[in-house]
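J.: Turn this into a structure:
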Amino acid sequence: MKQTHAFNALVAAALVAAAALTAHAQTQTNWEQLLPSSSIAPVTAGYPNVLVDPFSSAPAKPGLFVGHSRGSGAVSLYRLKPSDPEALSYSVEPVDNGLETVRRLGYSDSDGTPNGTLYAVGSGIENRTTVWKVRKSETGGDANSWIDDGSSFSLKKGASSIATGVTADTRGNAYTCGRASDGGSPHWIVRRKVSGGAWTTVHDLKGTGDT
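T.: Okay, the predicted model is just below:
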């Protein structure tokens, strides 16, 4: 079901401008100010993120993907489309609920897939444990097109992990970063996927304490 919410024109323009700073633009803000409907406002800390829709039909006033935290099983990723020429209001379409928390959004157009790949990274819950998860869409981000990109990642069964960043290079490699516990100490992890390949860990830095 789609909903329409009016935006303040100046705030909307500032949001799009901020999101357009890089090809993999994300920003964090208080979505309860921009999206007054409680139906898609993030819960608790929220971790709201925004990505300019690379498939938008109106490049001057593009659509957006918005990901945040809604709790296990609930919608955590939406597509926003301008519903008027001046982008004063947006239609809001739920597109995925595969992540409990969306921490970053990204897009790769160099990975050999016909439409490029949209990524949403963050965490899910497995056996009551927070685990690192990557979701992807290779068909434009439509609802029901998002799937897990490989299995969830952790260093030890029952130990928590979460992906907090994603990006891609011009050779078709995608990268995620985040943290994972070995059951006693945290690790700073970077994982890479070559075009057509699987995710592998390319950097693992063990920390101390809980930092």
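J.: what about S185, how many neighbours?
T.: 13 (other Cβ atoms under 10 Å). (C-beta placed from N, C-alpha, C; glycine too.)
J.: Ok, P85 next?
T.: By the criterion of other Cβ under 10 Å, P85 has 9 neighbours.
J.: so where do the strands sit in this protein?
T.: Shown for the chain, the strands assigned by DSSP state E span residues 3-6, 49-52, 64-67, 77-82, 89-96, 101-108, 117-126, 129-137, 147-148, 161-168, 174-181, 186-193, 199-206.
J.: The closest residue to I189 other than its chain neighbours pairs with what?
T.: Nearest residue to I189 in three dimensions, chain neighbours excluded: A180, at 5.3 Å (Cβ to Cβ, 6 or more residues apart in numbering). Beta-bridge partners for A180, by DSSP bridges, are S161, H187.
J.: again with K133
T.: G122.
J.: didn't it look like it was pressed against G98?
T.: Yes. With contacts defined as Cβ atoms under 8 Å, K133 counts as touching G98 at a distance of 7.3 Å.
J.: neighbour-wise, which of those two wins?
T.: K133 (28 against 20).
J.: How about the contacts made by the residue nearest to I189?
T.: The neighbourhood of A180, defined by Cβ atoms under 8 Å, 6 or more residues apart in numbering, consists of 132, 153-155, 159-162, 186-187, 189.
J.: what about this structure, any weak spots by pLDDT?
T.: 1-48, 71-73, 210-211 (pLDDT under 70).
J.: hang on, the earlier thing: kindly point out which residues are neighbours of both of K133 and G98.
T.: With Cβ under 8 Å, 6+ apart as the test, K133 and G98 both reach 124, 148.
J.: circling back to that earlier point, from T164, how far out is the residue nearest to I189?
T.: 11 Å (Cβ to Cβ, to the nearest Å).
J.: and G197, how many neighbours?
T.: Neighbour tally, G197, other Cβ under 10 Å: 13.
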